[in-house]
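Asker: Okay, sequence plus prediction incoming.
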Amino acid sequence: MDDTDAPRPLYDTGLAIRKEVIGAAYVEKALANADDFSRPLQDMVTEYCWGNIWGRPGLDRKTRSLLNIAMLSALNRGHELKLHVRGALTNGATREEIREVILQVGVYCGVPVALETSRIAQEAFRELDAPAP
């Protein structure tokens, strides 16, 4: 058995959580599109971020999602932010709670950051509210 065949419980946990929070289709596409260069990063994200951190019992998923919205806003990471706004809703956060996080971001990170975060959140909401094709 080489390293690729070794049991990876944190990876398996992370894969399950990642699919539950941000959607199986998104995760499967990200993994399918990984090549020799990017696969180690996808593995690390799945195992350490989703398996080790999101799999910890200390915070519920809703709280982790709201924290991610604040942090990704502060870091100006729009693509990931939009993904985590959707994940926050999946994890039980309300749009009102997301709005409160954005207001908090405005005070601590600046109004331009909050405006951009609000724009991205509204875009995610519109996509979710759009009738299925």
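Answerer: Structure's in. What do you need? Numbers count the residues shown, from 1 in each chain.

Asker: Now the residue nearest the centre of the chain: which helix or strand?
Answerer: Nearest to the geometric centre of the chain sits His84, at 3.7 Å (Cα atoms, centre = their mean). Here His84 sits within helix 78-90, counting by DSSP states H and E.

Asker: so for the very next helix or strand once past that helix, what's the average pLDDT?
Answerer: Following helix 78-90 in sequence order, the next helix or strand is helix 95-109 (DSSP H and E). Computed over helix 95-109, the mean pLDDT rounds to 98.

Asker: and for the next helix or strand after helix 95-109, what are the contacting residues?
Answerer: As assigned by DSSP H and E, the chain's next helix or strand after helix 95-109 is helix 111-129. By Cβ atoms under 8 Å, 6 or more residues apart in numbering, the surrounding residues in contact with helix 111-129 are 69, 73-74, 76, 78, 81-82, 85-86, 89, 95, 98-99, 102-103, 105-106. C-beta here means a position set from N, CA and C on the backbone, and glycine is covered the same way.

Asker: Same question for helix 111-129: list its buried residues.
Answerer: Val113, Ala114, Glu116, Thr117, Ser118, Ile120, Ala121, Ala124 (16 or more other Cβ atoms under 10 Å).

Asker: rewinding a little: ok, the residue nearest to the centre of the chain to Phe37 distance?
Answerer: Relative to Phe37, His84 is positioned 25 Å away (Cβ to Cβ, to the nearest Å).

Asker: I'd like the distance between the closest residue to Arg64 other than its chain neighbours and Asn76.
Answerer: Nearest residue to Arg64, sequence neighbours excluded (Cβ to Cβ, 6 or more residues apart in numbering): Trp54, at 6.1 Å. To Asn76, Trp54 is 22 Å away according to Cβ to Cβ.

Asker: and if you look at Ala6?
Answerer: From Ala6 to Asn76 the distance is 38 Å (Cβ to Cβ).

Asker: which intervals of the chain have sub-threshold pLDDT?
Answerer: Along the chain, segments meeting pLDDT under 70 span 1-5.

Asker: Walk me through the domains of it.
Answerer: For the chain, automatic domain parsing gives the domain ranges 8-58, 59-133.
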